[in-house]
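**Q** generate a structure from the sequence data that follows.
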Amino acid sequence: MVGIPKTLEDMSMRERCCMLETVADALDAIAEEAEDFGDARFAENSKCVAGTIRGYTDNLGAQDLKSAELILELGITLVHLSSTRSGDAVAEMVYNPQACH
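**A** Next comes the predicted model:
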């Protein structure tokens, strides 16, 4: 049975760090995939967000929770976007970068 999802505020420090690291690892993985597809911009954005998330892992105090939550949402959104992009969409973005805007 799946429990009610916790917010960062409700998580222990260990749970928070695990959540941050999991999302950062996923972003690194999708960055590699994006590089394989030739999507350098998506790869770089994913790496930057992963690095920012890892920056929170070392010094995540109560005052940082809202900003950490926002960057986690961004990271999760990038992971989701990566999983929903088709090969045709990736090819379109590689050959026609203006298609993203």
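
**Q** show me where the chain has its helices.
**A** For the chain, the helices defined by DSSP state H cover 13-37, 40-58, 65-84, 87-95.

**Q** avg pLDDT for the shortest one?
**A** Regarding helix 87-95, the rounded mean pLDDT is 49.

**Q** I'd say Ile71 and Gly51 touch.
**A** No: with contacts defined as Cβ atoms under 8 Å, Ile71 does not count as touching Gly51, sitting 10.4 Å away. To be clear about C-beta, it is placed using only N, CA and C from the backbone, and glycine gets the same treatment.

**Q** the more surrounded of these two?
**A** Taking neighbours as other Cβ atoms under 10 Å, Ile71 and Gly51 compare with Ile71 leading, 19 against 12.

**Q** contacting residues for the more buried one?
**A** Applying Cβ atoms under 8 Å, 6 or more residues apart in numbering, we find Ile71 in contact with 49, 52-53, 56.

**Q** just put those residues in CSV and tack on pLDDT.
**A** Listed next are these as CSV, based on pLDDT from 0 to 100:
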residue, pLDDT
Val49, 95
Thr52, 91
Ile53, 91
Tyr56, 80
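
**Q** buried ones among the residues you listed?
**A** Buried residues within the contacts of Ile71, defined by neighbour count using 16 or more other Cβ atoms under 10 Å: 49, 52-53, 56.

**Q** most centrally placed residue in the protein?
**A** Gly75 (2.2 Å; Cα atoms, centre = their mean).
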